[in-house]
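Novice: requesting a structural model of the entry that follows:
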Amino acid sequence: QVQLVESGGGMVQSGGSLRLSCAASGRYYAMGWFRQAPGKERNFVAAISRSGATPYYADSVKGRFTISRDNAENTVDLQMNSLKPEDTAVYYCAVDQNGVRTWSPIQSPVRYDTWGQGTQVTVSS
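Specialist: Residues are numbered from 1 along each chain as shown. Okay, here's the model as predicted:
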């Protein structure tokens, strides 16, 4: 059974930084981060290709967030800088385990077949 273990969430003031980390039990195709605020749908934040060479970002986080992966350690991290109150949400790590949904955009939750339990990020103004 594939397991994803997320860490690094917490509370920070506006303008601050947090680093999320997701440890996976194997090597996967695309890896990504999504977030869900209360009463809203789950939205794409960032993703990275299997090789780690190509990152993708939602417009709302470009220039502030950086996604990276370590294929030797099977981890994917999300460095979040210049955080804003609107970044407050539960953040979910997701992986494409089998590579059978490459027809779906890397920004779509459909692409991913395995999800973490989520970690809360709260940004106060």
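Novice: now do the same end-to-end measure for stretch 44-60.
Specialist: Its first and final residues considered, stretch 44-60 spans 10 Å by CA to CA, to the nearest Å.
Novice: in it, what counts as buried?
Specialist: If you call a residue buried by 16 or more other CB atoms under 10 Å, then stretch 44-60 has these buried ones: 44-48, 55-58. All C-beta spots, glycine's among them, are computed from the backbone N, C-alpha and C.
Novice: those residues: which two are farthest apart?
Specialist: The distance between the two most remote of the buried residues of stretch 44-60 (CB to CB) is 13.3 Å, for Ile48 and Ala58.
Novice: what touches both of the two?
Specialist: Residues touching both Ile48 and Ala58 by CB atoms under 8 Å, 6 or more residues apart in numbering: none at all.
Novice: and for the closest residue to Val2 other than its chain neighbours, the neighbour number?
Specialist: Excluding the flanking residues, the one nearest Val2 by CB to CB, 6 or more residues apart in numbering is Thr114, at 4.9 Å. The tally of other residues near Thr114 (other CB atoms under 10 Å) stands at 19.
Novice: Thr114 contacts Val95, doesn't it?
Specialist: Yes: with contacts counted by CB atoms under 8 Å, Thr114 reaches Val95, the gap being 4.9 Å.
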